[in-house]
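Colleague: fold the following for me, if possible:
(one chain, ligands or ions: 3)
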Amino acid sequence: MCGIVGIVSAEPVNQSIYDSLLLLQHRGQDSTGIATAEGNMFHMHKARGQVREAFRTRDMRSLLGTMGLGHVRYATQGKASAEQEAQPFYVNAPYGIILVHNGNLTNTRELTRELFDIDRRHLNTTSDTELLLNILANELQQQVTGVALDPDQIFTAVERVHERVEGSYATIAMIAGHGLLAFRDPYGIRPLTLGRRMLENGSTEWVVASESLVMESLGYEIVRDVEPGEAVFVAMDGEMVSRQCAPRHSLIPCSFEYVYLARPDSVMSGISVYEARLRLGNRLADTVARYTPMGDIDVVMPIPDSSRPAAMQVAQKLGVEYREGFYKNRYVGRTFIMPGQAARKKSVRQKLNAMSTEFKGKNILIVDDSIVRGTTSKEIVEMARQAGANKVTFASAAPPVRFPHVYGINMPSRHELVAHDRKIPEIAAALGADNLIYQEVADLEAAIIEGSSVESLEMSCFTGEYVTGTVTPEYLAWVEANQLS
Ligand SMILES: O=P(O)(O)OC[C@H]1O[C@H](OP(=O)(O)OP(=O)(O)O)[C@H](O)[C@@H]1O
Ligand SMILES: NC(=O)CC[C@H](N)C(=O)O
Ligand SMILES: [Mg+2]
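Modeller: Ligands and ions are numbered 1, 2, ... in the order given. Next up, the predicted model:
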């Protein structure tokens with residue numbers, strides 16, 4: 001998952017894009033970039049690292065124009081550290097297109113071959129986003145007959161993109177001299193929301209962003225989500241048109257957004273992320289009560305930050321005290337989305353410190369939103385013991401992560417996953433916990449979609465069932481062998 005934003009306005013957009021990216025920082029820390037359009041001229045700045053360190057005043061001053069887009073990257077393909085794979089990506093024909101992408105394509109091998117053998121296009125990186133941009137550019141090129149470009153031609157090009165591309169893609173693209181295009185894959189796996197605000201001159205400024213909190217925080221009205229398979233085009237004069245571009249489409253959003261990725265104050269597909277996490281806590285409490293003898297838990301503790309809402313509910317439903325025993329260093333970023341196991345392991349210790357007064361002689365129930373590689377939980381259990389805990393029970397508000405995630409979360413290798421091929425007592429032993437309790441898969445889905453119109457969720461990392469066609473055992477073996485470096 002990455003964070004993306006695009007804005008079309010009558011006023012300069014550089015500051016609003018920067019502000020939006022700061023709000024989306026939790027979705028990617030590897031690199032960031034902003035591109036703007038000043039008439040027909042593009043300006044772009046991208047760099048490694050987080051938003052606050054990547055843009056200096058002089059970079060911001062150079063980002064002129066009233067249309068623009070931005071990206072924070074959490075790499076899933078190519079190289080996390082490579083500056084040339086930072087987004088946005090640019091092609092000069094047709095018209096000049098700059099694109100940002102949240103998601104992960106799963107037929108990159110076929111697309112790479114086709115682009116080279118048939119479309120005669122050059123790719124300079126191993127990023128799937130560069131592929132996506134070139135497919136879009138190629139399809140748009142097929143549609144244009146003269147200098148003019150109308151939305152119908154753009155939408156037909158997006159239809160062709162849907163036919164050729166597999167995987168997940170929430171996408172925003174600027175077409176020089178024309179406008180901003182946003183589209184979402186036919187399952188709407190990754191999120192994309194549309195908003196607007198009225199400017200003083202009476203014109204409408206449009207925004208498209210990964211999460212609704214961008215709109216709320218920056219004073220936009222949330223209009224709606226971009227639908228799965230739909231494309232929205234906002235011309236440079238502010239006129240917005242949209243069309244469904246995928247003949248077969250259904251909403252199957254990623255469950256991991258609700259578990260961990262998204263900020264709790266966002267609403268996705270009509271579901272409040274915060275409330276989903278509370279409900280996950282309620283259901284987890286029932287499971288904990290089924291498997292844990294009464295009186296076996298003195299206190300419930302969250303692992304900051306993402307598990308707090310679930311842990312609060314677990315404590316409340318079990319009628320056990322909620323205590324914050326782990327203090328978090330707010331200056332260390334999210335661990336899970338850091339590239340490289342050594343950095344992730346070091347960061348857990350840098351980030352969290354156990355306060356011994358909360359642990360001494362107590363039976364602790366530690367709640368986390370998920371256990372993926374087990375990096376966090378292993379360290380945390382050890383810290384709890386060092387701080388004097390008596391018995392350590394660990395509960396995860398998500399089920400065991402046993403399968404690779406290929407739709408925009410970097411967990412490509414089964415062998416990295418602590419739950420892969422292990423039974424629960426074996427996982428508990430690997431983590432060093434006395435007892436380990438996981439959310440049931442059915443409870444995960446029910447808790448998230450309860451009260452909404454969403455009928456099902458993308459849950460492949462828990463179930464091994466992938467919603468798109470090309471995820472075969474052969475593909476998974478290839479992904480594993482060609483992991484991100
Ligand atoms: O089993 P693991 O591979 O360690 O992954 C899971 C952990 O990583 C995430 O925390 P992170 O520190 O990234 O972010 P947070 O502060 O939002 O909880 C998540 O909340 C879990 O704590
Ligand atoms: N997490 C994402 O959405 C990543 C986008 C793209 N696949 C990249 O690696 O840059
Ligand atoms: Mg965490």
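Colleague: give the contact list for the closest residue to ligand 2 within the stretch 301-450 of the chain.
Modeller: In the stretch 301-450 of the chain, the residue that lies nearest ligand 2 is residue 408 (4.1 Å; Cβ to the nearest ligand atom). Every residue, glycine included, has its C-beta placed from N, CA and C. By Cβ atoms under 8 Å, 6 or more residues apart in numbering, residue 408 lies in contact with 1-2, 76, 102-104, 168, 189-190, 254.
Colleague: measure it to ligand 1 for me?
Modeller: For residue 408, the distance to ligand 1 equals 15 Å [Cβ to the nearest ligand atom, to the nearest Å].
Colleague: nearest residue to residue 86 other than its sequence neighbours?
Modeller: Counting by Cβ to Cβ, 6 or more residues apart in numbering, residue 86 lies nearest to residue 31, which is 3.6 Å off, once chain neighbours are set aside.
Colleague: look at that neighbour and say how many residues are nearby.
Modeller: Residues near residue 31, counting by other Cβ atoms under 10 Å, number 25.
Colleague: picking that back up, now the contacts of residue 408 in CSV, please, with extra columns for pLDDT and secondary structure.
Modeller: Converted to CSV, the contacts of residue 408 look like this (pLDDT from 0 to 100; DSSP: H, G, I helix; E, B strand; the rest coil):
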residue, pLDDT, secondary structure
1, 75, coil
2, 96, coil
76, 85, coil
102, 97, strand
103, 96, strand
104, 95, strand
168, 97, strand
189, 98, coil
190, 98, coil
254, 98, strand
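Colleague: just these that are near ligand 2?
Modeller: Residues shared between the contacts of residue 408 and the neighbourhood of ligand 2 are 1-2, 76, 102-104 [Cβ under 6 Å from any ligand atom].
Colleague: from memory residue 51 sits against residue 21, does it?
Modeller: Yes - contact criterion Cβ atoms under 8 Å: residue 51 and residue 21 qualify, at 4.8 Å.
Colleague: rewinding a little: residues in contact with the residue nearest to residue 86?
Modeller: Each residue near residue 31 by Cβ under 8 Å, 6+ apart is listed here: 46-49, 54, 72-73, 75, 83, 85-87.
Colleague: where's the dip in pLDDT among those residues?
Modeller: Across these, the bottom pLDDT score, 82, is held by residue 83.
Colleague: so what's the residue count around the residue nearest to that one when sequence neighbours are not counted?
Modeller: In space, and not counting its chain neighbours, residue 83 is closest to residue 48: 5.7 Å by Cβ to Cβ, 6+ apart. Residues lying near residue 48 (other Cβ under 10 Å) number 16.
Colleague: quick one, phi psi at residue 48?
Modeller: phi -70, psi 160 (degrees, to the nearest 10).
Colleague: can you give me every residue that contacts it?
Modeller: 30-31, 54, 81, 83, 86 are the contacts of residue 48 under Cβ under 8 Å, 6+ apart.
Colleague: pick the one among these closest to ligand 1.
Modeller: residue 30 (13.4 Å).
Colleague: what about the closest one, neighbour count?
Modeller: Using other Cβ under 10 Å, residue 30 has 22 neighbouring residues.
Colleague: that one reaches residue 77, doesn't it?
Modeller: No - applying Cβ under 8 Å, one finds residue 30 not in contact with residue 77, separated by 11.9 Å.
Colleague: show me what residue of the stretch 1-150 of the chain gets nearest to ligand 1.
Modeller: Counting by Cβ to the nearest ligand atom, the stretch 1-150 of the chain gets nearest to ligand 1 through residue 26 (6.8 Å).
Colleague: show me where the chain dips below the pLDDT cut-off.
Modeller: Counting by pLDDT under 70, the low-confidence segments of the chain come to 80, 484-485.
Colleague: give me the domain ranges for it.
Modeller: By the assignment in automatic domain parsing, the chain contains the domains 3-251, 275-331+339-452.
Colleague: what about the shortest one, start to end distance?
Modeller: The one in question is domain 275-331+339-452. Taking Cα to Cα, to the nearest Å as the measure, domain 275-331+339-452 stretches 12 Å from start to finish.
Colleague: who touches residue 370 in this structure?
Modeller: Shown in contact with residue 370 (Cβ under 8 Å, 6+ apart): 256, 259-260, 396-398, 401.
Colleague: show me what from the stretch 301-450 of the chain comes close to ligand 1.
Modeller: Contact residues (Cβ under 6 Å from any ligand atom) of the stretch 301-450 of the chain with ligand 1: 303-306, 334-337, 368-377.
Colleague: cutoff 8 Å now
Modeller: Applying Cβ under 8 Å from any ligand atom, we find that the stretch 301-450 of the chain lies next to ligand 1 at 303-307, 328, 333-338, 344, 347-348, 351, 368-378, 401, 418.
Colleague: any of these buried? List them.
Modeller: With burial judged by 16 or more other Cβ atoms under 10 Å, the buried subset of those is 303-304, 306-307, 334-338, 344, 347-348, 351, 368-378, 401, 418.
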